[in-house]
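>>> What would the 3D arrangement of this be:
(one chain, ligands or ions: 1)
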Amino acid sequence: MSEEAAAVDYGPLQDLIGTWYGDKGVDIAPEPDETERNPYFETIVFSEAGDVENAESETLVALHYHQIVTRKSTGLVFHNQTGYWMWNAETDMIMHSLTIPRGVCVLACGGWKSQEGGWVIDVSTEGDFPAIAESVFMNQKARTKSFSMQLQLANGELSYRMSTMLDIYGREFDHKDMNRLYKR
Ligand code: HEM
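Residues are numbered from 1 along each chain as shown. Take a look at the predicted model:
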């Protein structure tokens with residue numbers, strides 16, 4: 001982390017800083033013989049994590065985030081996710097690292113482009129390097145094969161679509177999550 005107090009340029013990530021809330025979430029999740037559809041509401045808090053220099057040659061700026069997701073039908077938290085969004089100003093690359101408390105971590109890479117009233121970011125685990133780390137149990141029983149996410153900001157509305165391809169219950173399952181959020 002930079003030890004100077006100079007303002008950090010977070011580029012396209014700047015507008016994310018703060019607390020977002022959305023209650024139009026839909027989760028499509030696997031069950032042994034069926035598909036579960038779970039409406040949800042959530043809060044995502046993005047906070048500044050400053051900049052880092054890797055091997056004295058790559059500079060990244062990062063936001064930390066914490067996402068708390070509540071199932072509407074029960075009022076209980078059923079998903080808790082944390083990680084970083086990173087931007088490399090030199091290459092314009094975006095990275096998203098995430099951890100969920102099932103024993104699964106993901107690093108998804110991609111880029112962004114501006115659009116009317118904001119931007120669109122696309123990241124995925126496609127690429128040359130292993131980008132998914134998971135426990136032995138999850139690797140054997142509920143393997144995450146790939147992950148992709150589109151995050152969009154348009155005139156104050158933050159929306160996302162996540163697709164997590166799972167190998168579970170003897171079949172391939174596209175576990176999807178989507179929502180629209182507004183700043184609080
Ligand atoms: C808003 C985001 C998400 C929500 C609300 C959510 C919710 C769920 C739900 C309801 C299940 C079914 C099993 C259960 O009832 O606990 C499930 C399964 C699973 N999810 Fe998610 N999920 C989200 C994001 C993710 C992400 C980002 C990953 C990994 C990259 C992930 C990985 C898994 C895995 C591996 C399973 C299979 C485990 C099992 O069913 O035994 N999920 N998720």
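>>> Strands of the chain, residue ranges please.
For the chain, the strands defined by DSSP state E cover 18-31, 34-54, 58-71, 77-88, 93-100, 104-115, 118-124, 132-134, 142-154, 157-168, 171-183.
>>> Let me have those in TSV, extended by mean pLDDT.
As requested, the strands of the chain are exported to TSV (pLDDT from 0 to 100):
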stretch	mean pLDDT
strand 18-31	98
strand 34-54	98
strand 58-71	98
strand 77-88	98
strand 93-100	98
strand 104-115	97
strand 118-124	98
strand 132-134	98
strand 142-154	98
strand 157-168	98
strand 171-183	98
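>>> Ok, which of those comes nearest Asp9?
strand 58-71 (6.8 Å; C-beta to C-beta). From N, CA and C alone the C-beta is placed, and that goes for glycine too.
>>> tilt between the closest one and strand 34-54?
Angle between the axes of strand 58-71 and strand 34-54 is 150 degrees (criterion: axes from the mean of the first three to the mean of the last three C-alpha atoms, to 10 degrees).
>>> Pull out the buried residues from strand 58-71.
By neighbour count on 16 or more other C-beta atoms under 10 Å, the buried set for strand 58-71 is 60-63, 65, 67, 69-71.
>>> quick one: it near the ligand?
Yes. Counting by C-beta under 6 Å from any ligand atom, contacts between strand 58-71 and the ligand involve Val69.
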